[in-house]
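Asks: model the structure of this input:
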Amino acid sequence: MMMKLLLVIFSVISPFSVQPAAVPAAHDMQWTAMEEKASEVTLAVDRSETFQHFRTLNGISLDDTMDDLLAKKGQPGHRQEDPYLGCPEYHFHDVKVGLCEDTGVIQYVHIDASENHIMLNGKRIEMNIEAIHLALGKPYYVAEDGEVFLRGDQALKVYMKSGYQQIEGIDLFDDTVS
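Replies: Numbering: from 1, shown residues only. Modelled structure (predicted):
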């Protein structure tokens, strides 16, 4: 008898019991309203995709015309011939632009290391290699005179002193134009 009683008690309290448990009626249960909280998820971000294209450097696009350039930057402070391209280089307060007048095509946009930062696609990046790596990821190519970042046909080259992490200048140019 004692054994039957133990088996009945065990079967009632056992998690393997097949007897249905009595479910209290909804009006007999205590309800507490809880505020739903959105869980915070921090995802690892590949910062190199932040700049999927290089559209502008300090507000200048390689697709700009001379009129666009003058409208954006005003009259250049200085003009000199680029000995490599045979085209004039226009000097503005924060940028130099190589523009061939016969074709009307901007060959490059250059920022000197004397600037504290660059504006790439309208986003500010400090003028140091760590900030550039954080924004652009790993370079596509490391040359003796600097690092090259590619996005489509556009290239951004960060010129550095050989053996140092010190930036000398940055160029935006079309990688397909030689």
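
Asks: the helices in this structure, which residues?
Replies: Taking DSSP state H to define them, one finds helices in the chain at 2-13, 66-73, 129-136.

Asks: lowest-confidence stretch among those helices?
Replies: Ranked by mean pLDDT, these end with helix 2-13 at the bottom, a mean of 47.

Asks: for His78, give me its contacts.
Replies: His78 is in contact with Tyr90, His91, counting by CB atoms under 8 Å, 6 or more residues apart in numbering. (Glycine included, C-beta is placed from N, CA and C.)

Asks: list the beta-bridge partners for it.
Replies: Legend: beta-bridge partners of His78 under DSSP bridges are His91.

Asks: any idea how far it is from Lys157?
Replies: 22 Å (CB to CB, to the nearest Å).

Asks: one more: Pro88?
Replies: 21 Å.

Asks: burial of the residue nearest to Pro76 when sequence neighbours are not counted, as a residue count?
Replies: Closest residue to Pro76 apart from its sequence neighbours, by CB to CB, 6 or more residues apart in numbering: Tyr90 at 4.0 Å. Neighbours of Tyr90 under the rule other CB atoms under 10 Å: 21.

Asks: Tyr90 contacts Lys96, doesn't it?
Replies: Yes. Using CB atoms under 8 Å, Tyr90 is in contact with Lys96, at 6.9 Å.
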